[in-house]
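J.: could you work out the structure for the sequence below:
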Amino acid sequence: MASSDLLADRMAIEDLVAAYADAVDRRRWDDLDRLFSPDALIDYAATGSIRGTVAELKSHLQAVLPMMLSYQHLMGRTILSLHGDEAEGTTICFNPMVLDTGTDRGPTVFFCGLWYHDRFVRSAGSWLISARTQELSYFHNFPGGLPPGAQPYRSTRQPE
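T.: Okay, the predicted model is just below:
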């Protein structure tokens, strides 16, 4: 049976994952500073984005997301493994985005499916993301197929 401390940790980490999505979706870039550890490593190369620090992530998001008229991160189930003040987790994300095409045909909606692979650390009683890597599952309806630099999904599942 799970202890109340374990359940509280799981809920705090799930809230942290949701807070990230909310900060990005509402374009509250400075909120990211309280969600990541100061030395966090972020790798979004699989979707054609940055690999770097929180400051680099914020700068990148501020530069590229204005071309999106709207977007939402729907965070799904998180598979979590807790080890004291550290944890690892994988969260599925469905991310529809409305892109201003700048053409007469108007905006287009495309979809991104991905997983966030995270490492978490408890610091001063709060959970933070200490490392985050995206794994791309799909892009659907993105003009031109895939964003520049995006890496198509390669299944690691073994046939039965």
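
J.: and the strand or helix carrying residue 109, average pLDDT?
T.: Applying DSSP states H and E as the criterion places residue 109 in strand 108-123. Mean pLDDT, strand 108-123: 95.

J.: direction included, what does it pair against?
T.: strand 86-99 (antiparallel), strand 126-140 (antiparallel) (DSSP bridges).

J.: which residues are in contact with stretch 82-93?
T.: Defining contact as CB atoms under 8 Å, 6 or more residues apart in numbering, one finds that stretch 82-93 is touched by 6, 9-10, 13, 17, 21, 73-81, 112-122, 127. To be clear about C-beta, it is placed using only N, CA and C from the backbone, and glycine gets the same treatment.

J.: list the buried residues for the strand holding residue 109?
T.: Residues 110, 112-122 are the ones in strand 108-123 that count as buried (16 or more other CB atoms under 10 Å).

J.: off-centre distance for that strand?
T.: 2 Å (CA atoms, centre = their mean, to the nearest Å).

J.: now stretch 128-142, how far from the centre of its chain.
T.: The answer for stretch 128-142 is 5 Å, by CA atoms, centre = their mean.

J.: re the thing from before, and which of the buried residues of strand 108-123 is nearest residue 131?
T.: residue 119 (4.1 Å; CB to CB).

J.: just checking, the closest one touches residue 129?
T.: Yes: between residue 119 and residue 129 there is a contact at 7.4 Å, judged by CB atoms under 8 Å.

J.: which one of the buried residues of strand 108-123 is nearest to residue 28?
T.: residue 116 (18.4 Å).

J.: beta partners for the closest one?
T.: Bridge pairing for residue 116 - DSSP bridges - gives residue 91, residue 134.

J.: spatially central residue for the chain, please.
T.: Centroid check for the chain by CA atoms, centre = their mean gives residue 116 as the closest residue, at 5.3 Å.

J.: tell me the contacts of that residue?
T.: Going by CB under 8 Å, 6+ apart, the list of residues near residue 116 reads 17, 89-91, 93, 132-134.

J.: measure it to residue 147 for me?
T.: 17 Å (CB to CB, to the nearest Å).

J.: just the contacts of residue 116 now: which is nearest residue 69?
T.: residue 93 (19.4 Å).

J.: so how far is residue 139 from the closest one?
T.: 13 Å.

J.: what ranges do the helices span in the chain?
T.: 4-25, 54-64 (DSSP state H).

J.: indicate which one of these is closest to residue 36.
T.: Closest among the helices of the chain, using CB to CB: helix 54-64, at 4.6 Å.
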